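**Q** Got a sequence here, can you model it:
(chains A and B)
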Amino acid sequence: MTDPMTDPVTDPVTDPRPDPVTDISVQVQAGRFDPGAELNAFTANTTAIGAVASFVGLVRDLNLDHAVAALHLEHYPGMTEQVLLEIAGQASQRWALQRLRVIHRFGDLLPGDPIVMVLTASPHRGEALEACAFVMDFLKTQAPFWKRESTPAGPRWVDARASDDHALGRWQAGKGVDHG
Amino acid sequence: MLTILLFARLREAAGIDRLQLPDPAAPVALRAICQQLQAHDGRIAEALAATPQLRAAINQRMVGMEALVQAGDEIAFFPPVTGG
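**A** Got it, this is the predicted structure:
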């Protein structure tokens, strides 16, 4: 039995809080980007932001014990942007974010290249940190990108990891820290 | 017409990235379109069979195999995603 007075059912994912007016931007591009420049530009023209969290994913030169000379990222143009915007929208409903930016590359990349960057800004650190992790966890399992590595033994499609699916579990209703 | 798109390992194994199928007369489950695709081309059938965790999208939204396909839809089949 649930009593609505004592057991308010709040699903942070589907129960939008009052519109926090998040400035959202999503960019899917073939060209390189500069994470440092992105980080600096992210807080431009405002002094209301108290916390910025960021994640940068890089191409490694070693995966599952084999050398990686290059990485090709295939994507589904159109759907990719749509999915990233949707994930960003969900994050902005769940946490009070001022800004949220996602950059993801496609095409040919080299070891050391940034693949993805997620930036979140909020008045206090909790929201920014959690939202950044949330966006990455959903991006890994929902955004239509596929990696193909060039290895000494030839090209090899990267397999999805079960741990990426499991990572989503912590964002289900009732889990995680509520900064509401 | 239905537009069918294939991606990544599945596209490579099928040897084709896009094809068209006639519209269904009435909305039909995606599973039926997948079976129709397998009957349409042996190489695609093999590629689909070799994709254990097949994912799909209708009009660029990820859906399950029971989702309904309507005339003119864009349907995509692909392996689990590996971005980020």
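**Q** quick one, what contacts A:A153?
**A** A:H66 (Cβ atoms under 8 Å, 6 or more residues apart in numbering or on different chains). All C-beta atoms are positioned from the backbone trio N, CA, C, and that covers glycine.
**Q** Endpoints of stretch A:144-162, how far apart?
**A** The stretch stretch A:144-162 measures 16 Å between its terminal residues, going by Cα to Cα, to the nearest Å.
**Q** That one - what's its average pLDDT?
**A** Stretch A:144-162 shows a mean pLDDT of 94.
**Q** Repeat that for stretch B:52-72.
**A** Here the average pLDDT along stretch B:52-72 is 97.
**Q** which bits of chain B sit near chain A?
**A** Within chain B, the positions adjacent to chain A are B:5, B:7-9, B:12, B:53, B:57, B:60-62, B:76, B:78-84 by Cβ under 8 Å from any Cβ of the partner chain.
**Q** What residues sit buried inside the strand or helix carrying A:D137?
**A** Element membership for A:D137, per DSSP states H and E: helix A:125-142. By 16 or more other Cβ atoms under 10 Å in any protein chain shown, the buried positions in helix A:125-142 come out as A:126-142.
**Q** Can you tell me which helices and strands the following helix or strand past it packs against?
**A** Scanning forward in sequence from helix A:125-142 by DSSP H and E, the next helix or strand is strand A:145-151. Applying 3 or more Cβ pairs under 8 Å, 6 or more residues apart in numbering or on different chains; DSSP states H and E, one finds that strand A:145-151 contacts strand A:66-67, strand A:70-75, strand A:154-157, helix B:8-14.
**Q** For B:R31, which of those is the nearest?
**A** helix B:8-14 (16.5 Å; Cβ to Cβ).
**Q** show me what contacts residue 67?
**A** As the question left the chain open, I've gone with chain A. A:D61, A:T151, A:P152.
**Q** was after chain B, sorry
**A** Contacts of B:A67 (Cβ under 8 Å, 6+ apart): B:A29, B:L30, B:A56, B:I58.
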